[in-house]
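>>> sequence and predicted structure are below.
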Amino acid sequence: MRVACSPRLIFACLFVGLLAGCATAPPPSHPEARAEFYRTNDPLEPANRVMYKVNNALDAAVLRPAAVAYKDAVPEPVRTGVHNALGNLDTPIVLGNDMLEGKPYRAGTTFMRFLINTTLGGLGFVDVAKRMGYPAHGSDFGETLAVWGVPEGPFLFLPLFGPTDPRDALGRGVDMASDPFGWVGAGTAVTALNWSRFGLTAVDERSRVLGEISGIKRTALDPYATFRSLYRQHRHAQITRIEADNRHTVPAWFPAPTTAH
Amino acid sequence: MLARRAFLPIAALLFAAAPGLIRPAHAQSATATAVSFIRNTGQQLVGVVNGPGSATAKSAALTRIVDRDVDVNGIAKFCLGRFWRIATPAQRAQYEHLFHRVLVLNVTSKIGDYTGVTITVGRAVPRAEGVVVATTVSRPGQAPAEVDWLVKQTAGAPKIVDVIAEGTSLRLTQRSDYASFISRHNDSVPALISAMQAQTARAG
């Protein structure tokens, strides 16, 4: 997936941005620039930068004002409660991915979190499970694919979804399609609830990174390149953390649990 | 000459055999040094941030800590990447000076956001580039953040060469920012310098 303009990518270029097209690799006479081009692995950069601008315009017009208003209008404890409840709705997907990644300890934690928080935590508003020794962790199908050995592929910037790559974009699609709350019931009320959840999640997530995003935009000379680097590093760190988490589920009667960590 | 020639292979042999014996002790002491260094610096940083005093006084105190404990010029060189070699000595000097100002501005501009900070020093792992010391930085009402510090011995003293916050390396991020900026400005280092000048001028 590191080729500058493979047929697959040309197709993607046509799809993503007819207006911008592919970036061309620097000539072999500039080996260092060429090496950097392949390392950056962003052959769709011109199209991605267009999408970045589109996304910024959307953010400035809709999402950021909504997030600021939400933060101003709603007191902190309520926002935390909403965040917890939205996170609780994601636990079936997290659980599925924990299992697909072959991480029984993490799956057990997620399962207990869902049970405890849905009941004692009042539909997830209060994170009781965390205090009982079941802290939250994320997991998505992009990470699962990574654990299975699927490479990330070239960088992508999509409107609404922001920085991603083919693997994570596919993972997001699979997560959305397999969300059990998406299957429950039908009719206007359910559709409205699902859209509210989607919108509220977007506003909640955005409101939690207001300072960070504006800080990056203020201090970076090339914010697009900075977000690209941050996204990739963050993903690599998350995947490494999952892969390194080999805690076992030791039965209670087992004499010496060696890996208590 | 002869003696020297004879000595060289022996020395080489000794060194080839020695790492197995010497490295663990050396690595252990380097690790211990790095841990106590980060514990000290961390306590001082937290002390300044949480402590009383005006924003100006805090900025001055943080600048002193940065100058003493951070390998600013080493990080500056790293962040310029392949463009360091094409930069003239004058451009390098100018860039280093600006880099220092930008770094200090970035550190001090965040003071207001942090109160009641605590730092817990965790494990240290020796790596090829230095010792990575893991810490957890907590703030009231916020999820604790995993912050790793890359510590390297430079000129006999331990210095911070990178900060890895939640898996993202500050110097790697900075380098990709500069690399992208310069390559989009016809590989011109002066373009970066003037952008950095504008940045520091804006911040006052």
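Perfect, thanks for sending it.
>>> and residue 134, what's its pLDDT?
I went with chain A, as the question did not name one. For residue A:134, the model assigns a pLDDT of 93.
>>> oops, wrong one, chain B.
Confidence for residue B:134, expressed as pLDDT, is 96.
>>> what is the neighbour count of it?
Counted by other Cβ atoms under 10 Å in any protein chain shown, the residues lying close to residue B:134 total 17. All C-beta spots, glycine's among them, are computed from the backbone N, C-alpha and C.
>>> likewise residue B:56?
9.
>>> look up how far residue A:182 lies from it.
Using Cβ to Cβ, to the nearest Å, one obtains 54 Å as the distance from residue B:56 to residue A:182.
>>> verify the stated contact: residue B:123 with residue B:131.
No. The criterion here is Cβ atoms under 8 Å, and residue B:123 misses it with residue B:131 at 10.5 Å.
>>> so for these two, which sits in the more crowded spot?
Neighbours per residue, other Cβ under 10 Å: of residue B:123 and residue B:131, the larger number sits with residue B:131, 23 against 11.
>>> name the residues linked to that one by a beta bridge.
Beta-bridge pairing for residue B:131 (DSSP bridges): residue B:126, residue B:151.
>>> helices of chain A, residue ranges please.
Ranges of helices in chain A, per DSSP state H, are A:7-16, A:31-40, A:45-58, A:64-73, A:76-100, A:104-119, A:128-131, A:141-147, A:166-178, A:180-183, A:188-207, A:210-219, A:223-244.
>>> OK, contacts around the residue nearest in space to the middle of chain B?
Chain B has residue B:161 as the residue nearest its centroid, 2.4 Å off, counting by Cα atoms, centre = their mean. By Cβ atoms under 8 Å, 6 or more residues apart in numbering or on different chains, the contact list for residue B:161 reads B:70-71, B:74-75, B:78, B:129-130, B:150-152, B:154, B:171.
>>> avg pLDDT for the helix or strand hosting it?
Following DSSP states H and E, the helix or strand that holds residue B:161 is strand B:157-165. Averaging pLDDT along strand B:157-165 yields 94.
>>> next: stretch A:145-164.
Mean predicted confidence for stretch A:145-164 is 94.
>>> give me the buried positions along that stretch.
Across stretch A:145-164, burial judged by 16 or more other Cβ atoms under 10 Å in any protein chain shown covers A:145-147, A:152-158, A:163-164.
>>> and that stretch, does that touch chain B?
No. Contact between stretch A:145-164 and chain B is absent, the nearest approach being 11.3 Å (criterion: Cβ under 8 Å from any Cβ of the partner chain).
>>> need the residues that contact that stretch.
A:1-2, A:9, A:16, A:40-45, A:48-49, A:51-52, A:54-55, A:58, A:101-102, A:165-172, A:224, A:227-228, A:230-232, A:235, A:239, A:242-243.
>>> mark which of the contacts of residue B:161 are buried, thanks.
For the contacts of residue B:161, buried by 16+ other Cβ under 10 Å: B:70-71, B:74-75, B:78, B:130, B:150-152, B:171.
>>> tabulate these (CSV), appending pLDDT and distance to residue B:119.
As requested, the buried ones among the contacts of residue B:161 are exported to CSV (pLDDT from 0 to 100; distance: Cβ to Cβ, whole Å):
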residue, pLDDT, distance to residue B:119
B:70, 95, 16
B:71, 95, 20
B:74, 95, 23
B:75, 96, 21
B:78, 96, 25
B:130, 92, 19
B:150, 96, 16
B:151, 96, 15
B:152, 94, 20
B:171, 95, 20
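>>> select only the buried ones of the contacts of stretch A:145-164 in PyMOL?
To isolate the buried ones among the contacts of stretch A:145-164 in PyMOL, judged by 16+ other Cβ under 10 Å, type:
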select buried, chain A and resi 9+16+40+41+42+43+44+45+48+49+51+52+55+101+165+166+167+168+170+171+172+224+227+228+230+231+232+235+239+242
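>>> so which of the contacts of stretch A:145-164 reach chain B?
Applying Cβ under 8 Å from any Cβ to the contacts of stretch A:145-164, those adjacent to chain B are A:40, A:224, A:228, A:230.
>>> which pLDDT value goes with the residue in chain A that chain B sits nearest to?
Nearest residue of chain A to chain B (Cβ to the nearest Cβ) works out as residue A:237 at 2.2 Å. We have a pLDDT of 95 for residue A:237.
>>> so it makes contact with residue B:169?
No. The criterion here is Cβ under 8 Å, and residue A:237 misses it with residue B:169 at 9.6 Å.
>>> excluding its backbone neighbours, what's nearest the residue in chain B that chain A sits nearest to?
Going by Cβ to the nearest Cβ, chain A is nearest to residue B:167 of chain B, at 2.2 Å. Excluding its sequence neighbours, the residue lying closest to residue B:167 (Cβ to Cβ, 6 or more residues apart in numbering or on different chains) is residue A:237, at 2.2 Å.
>>> show me the residues around that neighbour that make contact.
B:166-168.
>>> derive a PyMOL selection command for the buried subset of those.
A single PyMOL command selects the buried members of the contacts of residue A:237 (16+ other Cβ under 10 Å):
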select buried, chain B and resi 167+168
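>>> just to revisit the earlier point, what's the angle from the strand holding residue B:161 to helix A:223-244?
90 degrees (axes from the mean of the first three to the mean of the last three Cα atoms, to 10 degrees).
>>> for whatever helix or strand comes next after strand B:157-165, the averaged confidence score.
Moving toward the C-terminus from strand B:157-165, the next helix or strand (DSSP H and E) is strand B:168-169. For strand B:168-169, mean pLDDT is 95.
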